[in-house]
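Novice: below is the sequence, then the predicted model.
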Amino acid sequence: MRATSSRRHFLRRSTGIVAGSILTGGLNIVRAAHVAGADQIKIALVGCGGRGVGAASNCLDVEDNIKLVAVADAFEDNARHAAAALKQHYGDKVDLPPERVFWGFDAYAKALQAGIDLVLLVTPPGFRPRQYRAAVEAGKHVFMEKPCCVDAPGFGSLQETNRLAEQKGLKIAVGLNMRHTPSFRQTVQRIHNGAVGPLSFLRCYGNNAGVWVRPRKPGQTEMEYQMRNWYYFVWLGGDLLVEQTVHMIDMANWAQGACPVEANGMGGRQVRTGKDHGQVYDHFFVEYSYADGTRLYCQARHIPACFNCGDVVAHGPLGTATCAGKITGQNAWHYEGPAVSGHAQEHVDLIAAIRKGEKYHEGWYGATSSMTAILGRMACYSGRVVRWDEAVAKGPDEMPRVLAFDADPPVKPDAAGAYPVPMPGT
């Protein structure tokens, strides 16, 4: 896809796309979005880790006729634990006999055949494109967590599936939950209405102390170890810029109304350098350039006891907007509405769209924002200026050829147990 057509497509898809989420100040928004319906919506959970159980909980919390009827995970213990925990908490809203608790690499395909209407795809993101494709081919509505891919071929696959989902009229939600949080939505609306004037530049931050580490256990194959410790391998998680900072990158793209045309940056490993930290970086800095010359300066860091921040700031000649809900300058404003969880609201909005039969397709900006993060990672790993066209057309395929616990993953440790780490300039 050419950069110009991709940006035009992005602009067309990113405005007014979330039907059913009218976020006004005086309402209890999550309850207001409830849509009554007599027909039961049957859901399946694919990916039974902590975020998967959380997504299933967010969906089951919607005040509607919803039932969880299948769970699937690569690992038996994950699938069984999620089934038991959700059944204990939600009672009759969960119907999971043993024959609908699936595990293995093909578990997602079995869940899609369990008589469901909606599937929640919450596996490590490397698996997202193929599972999304299978779900849409099976005619299911989809919620998929961010990021939606970890490499350029995955982005291409997403775009093909997005077109198929649109043709079928399926409802597609993406876990970029800030788009469903009223403080963020109202800030971006004001930016688009000129509250700070034409954007001069943007800043975004994805800085925090980091995430879990899951040490190797006796008897694990290399494939199983990497999948258990998935955050630290590019083919599974995409690195922190893609896996986490995509939230802020998406917000910046939304505020700008476009995706970048190129990126340059730097990064490395300074603290997370052990064998259990795989091959990923612990800090990035990316300068993104948009077609109109606007720059986005993006920090991402996972190092304890440092400056932490998760926000997007837009600067213009009339003022500055912090996307969490504050504008300073000539059109000063701050959000005073109710606190609403984007994690909860995104499921309310999706279920409402399914009930009403409204057009609802977040897959377009889910794919584009994921690819924007990948573009930044490619620039930092290579030390080069990387253009959007080049990244989409030539970005490497990170996925393994064979998915099996006894197969080789795409990256393996050396004799000392260390993994190859991307080195700028080489």
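Specialist: Structure received.

Novice: going forward, measure contacts and count neighbours with C-alpha atoms only.
Specialist: Will do.

Novice: residue 362 and residue 73, how far apart?
Specialist: 24 Å (C-alpha to C-alpha, to the nearest Å).

Novice: ok, the closest residue to residue 52 other than its chain neighbours to residue 345 distance?
Specialist: Closest residue to residue 52 apart from its sequence neighbours, by C-alpha to C-alpha, 6 or more residues apart in numbering: residue 122 at 5.1 Å. According to C-alpha to C-alpha, residue 122 and residue 345 sit 17 Å apart.

Novice: more neighbours, these two?
Specialist: Neighbour count, other C-alpha atoms under 10 Å: between residue 122 and residue 345, residue 122 has more, with 28 against 25.

Novice: the more buried one and residue 102, how far apart?
Specialist: 15 Å.

Novice: try residue 63
Specialist: 27 Å.

Novice: between residue 362 and residue 73, which has more neighbouring residues?
Specialist: Neighbours per residue, other C-alpha under 10 Å: of residue 362 and residue 73, the larger number sits with residue 73, 27 against 23.

Novice: does the more buried one have beta-bridge partners, and which?
Specialist: residue 103 (DSSP bridges).

Novice: and stretch 353-361, how far apart are its ends?
Specialist: End-to-end span of stretch 353-361 (C-alpha to C-alpha): 10 Å.

Novice: list the buried ones in that stretch?
Specialist: 353-355, 358-361 (16 or more other C-alpha atoms under 10 Å).

Novice: just these: which are in helices?
Specialist: 353-355 (DSSP state H).

Novice: now render the residues you listed as JSON lines, adding pLDDT and distance to residue 321.
Specialist: Output for those, formatted as JSON lines (pLDDT from 0 to 100; distance: C-alpha to C-alpha, whole Å):
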{"residue": "353", "pLDDT": "98", "distance to residue 321": "30"}
{"residue": "354", "pLDDT": "97", "distance to residue 321": "34"}
{"residue": "355", "pLDDT": "96", "distance to residue 321": "35"}
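
Novice: can you put these in TSV and add distance to residue 276?
Specialist: Shown next, in TSV, are these (distance: C-alpha to C-alpha, whole Å):
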residue	distance to residue 276
353	42
354	42
355	45
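
Novice: got the phi and psi for residue 371?
Specialist: Residue 371 adopts backbone torsions of phi -70, psi -30, taken as degrees, to the nearest 10.

Novice: quick one: residues contacting it.
Specialist: Residues near residue 371 by C-alpha atoms under 8 Å, 6 or more residues apart in numbering: 149-152, 155.

Novice: who wins on neighbours among the residues you listed?
Specialist: Neighbour-wise, the contacts of residue 371 (other C-alpha under 10 Å) top out at residue 149, 34 neighbours.

Novice: read off the pLDDT value for that residue.
Specialist: Looking at residue 149, its pLDDT is 98.

Novice: now do residue 19
Specialist: For residue 19, pLDDT reads 33.

Novice: likewise for residue 426?
Specialist: Residue 426 is given a pLDDT of 87.

Novice: which residue packs closest to residue 369, ignoring adjacent ones?
Specialist: Nearest to residue 369 is residue 250, by C-alpha to C-alpha, 6+ apart, at 5.1 Å.

Novice: burial check on that neighbour, number of neighbours?
Specialist: Using other C-alpha under 10 Å: residue 250 sits among 25 other residues.
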